[in-house]
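Enquirer: build me a model from this:
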Amino acid sequence: GPADLWRRMSLIAAGALLAWCFAVDVLSGTGLYGSRLVAYAASGLLLLAVLLMSRDITLDLRAMTWTGLAVLAVMTIPALFSGDAAWRACTAGKLEKCSLAGGLFKSFYDSENYIALLASFTLIASLCVLRRAELAAAAAFCLLIVVATGSRTSYLAIAAVGAWVLGSFLLERWRRFVRIHLAFCAALAIVAAGFASYLMWTASRTTLSNRGNIWIAAREYIEGRTATGVGVSKWYYLRDIGEAPTHFFHSGYVLAIFSGGLVALVIWCLWATTLLHGKVLDGRAFTAKAPVVLLIVYSFTEVVWNPLSVDGLSWILVVLMLTVTSSAASAVESPGGTPTSDQPSGPFAALRR
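Expert: The predicted model follows:
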């Protein structure tokens with residue numbers, strides 16, 4: 001696809017975030033705790049792969065839709081034959097949580113939030129590009145999964161970004177935008193990071209279904225090192241000695257602050273800004289960036305993208321960083337009006353092939 005400076009900048013920002021947090025982890029305290037080098041290396045290789053693909057691969061939102069539906073099919077159809085193994089009992093007491101199905105659907109994972117997150121991204125992508133029977137089938141499938149998980153976070157995130165999608169459709173009936181204005185992108189990223197930081201530093205132990213327990217432990221440990229953080233491996237040390245909850249950060253922003261301090265949070269904002277501002281070749285920028293907005297919103301309470309590792313959610317990041325249109329990617333042409341070449345050229349051409 002056509003080269004875009006802002007796409008390259010988003011990759012540079014992602015790489016800078018990884019490099020900074022790795023350096024902090026190595027240099028702070030007693031250095032790396034445990035075997036985190038494999039995770040860091042995997043993350044670096046993933047970003048290198050996206051860099052090499054970004055010149056020659058043009059994705060649209062249908063790519064996210066069909067990828068998400070395929071992943072969900074693998075996670076749900078076998079579960080029909082697994083009995084109660086794919087379900088978790090409803091919670092009681094202070095954290096009352098249950099779905100309409102009388103349990104919490106978790107598929108083959110320990111957390112129902114994981115599959116709800118995948119279904120939420122697939123649902124938002126399908127709302128942007130599918131129509132009629134396809135849309136009805138995909139949306140019903142995704143909503144059925146979200147309802148079965150009982151994920152309240154997904155309800156709120158889908159509602160917020162659903163309003164964005166509706167506004168995008170109305171706006172684009174009046175005018176098309178190749179890019180979202182840079183100032184708006186930066187403001188959105190900064191406000192989100194500011195609000196997430198406020199949640200972290202004002203949290204009590206019962207904040208947002210006890211997520212405050214995690215955030216309090218994180219902020220207490222980095223006290224005095226807020227600017228640089230301490231490195232993500234120190235969280236595993238805290239868990240092993242019993243001074244932190246067994247759960248992960250439950251916030252992409254808290255992960256960044258703990259791992260690389262406010263410096264990492266600034267880099268995270270730069271990454272989000274460049275990804276939001278990237279060029280959309282069919283002029284439907286607000287529609288095409290809806291999943292990016294979902295990532296920004298969802299990151300308040302879940303780690304959607306872990307820049308320091310590779311996991312079952314990393315495909316979302318890959319698709320977002322390679323998406324340049326909301327309509328059919330096969331119809332995209334280069335700026336000169338000729339179809340893009342199948343043969344890569346320039347630096348790394350041999351490696352790309």
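Enquirer: now do the contacts for W164.
Expert: Contacts here follow Cβ atoms under 8 Å, 6 or more residues apart in numbering; on that basis W164 touches F286, A290, V293. Placement of C-beta: from N, CA and C, glycine included.
Enquirer: repeat that for 6 Å
Expert: A290, V293 (Cβ atoms under 6 Å, 6 or more residues apart in numbering).
Enquirer: swap in I216?
Expert: A203.
Enquirer: is it within a helix or a strand, and which one?
Expert: Element membership of I216 [criterion: DSSP states H and E] is helix 207-221.
Enquirer: over to I124?
Expert: Using DSSP H and E, I124 sits in helix 112-129.
Enquirer: can I get the CA coordinates of the very next helix or strand once past the helix holding I216 in PDB?
Expert: Downstream of helix 207-221, the next assigned helix or strand under DSSP H and E is helix 233-240. This file holds the C-alpha atoms of helix 233-240, laid out as PDB (Å, rounded to 0.1, in the frame of the first residue of the first chain):
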ATOM      1  CA  SER A 233       9.300  -8.000  35.600                       C
ATOM      2  CA  LYS A 234       9.200  -6.400  39.100                       C
ATOM      3  CA  TRP A 235       5.400  -7.100  39.100                       C
ATOM      4  CA  TYR A 236       6.100 -10.800  39.000                       C
ATOM      5  CA  TYR A 237       8.500 -10.400  41.900                       C
ATOM      6  CA  LEU A 238       5.800  -8.600  43.900                       C
ATOM      7  CA  ARG A 239       3.400 -11.400  43.100                       C
ATOM      8  CA  ASP A 240       5.800 -14.100  44.100                       C
END
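Enquirer: any idea of the mean pLDDT for whatever helix or strand comes next after helix 233-240?
Expert: Following helix 233-240 in sequence order, the next helix or strand is helix 252-277 (DSSP H and E). The average pLDDT for helix 252-277 rounds to 97.
Enquirer: helices or strands next to helix 252-277 in the packing?
Expert: Counting by 3 or more Cβ pairs under 6 Å, 6 or more residues apart in numbering; DSSP states H and E, the packing neighbours recorded for helix 252-277 are helix 5-27, helix 182-202, helix 207-221, helix 290-298.
Enquirer: lovely, talk soon.
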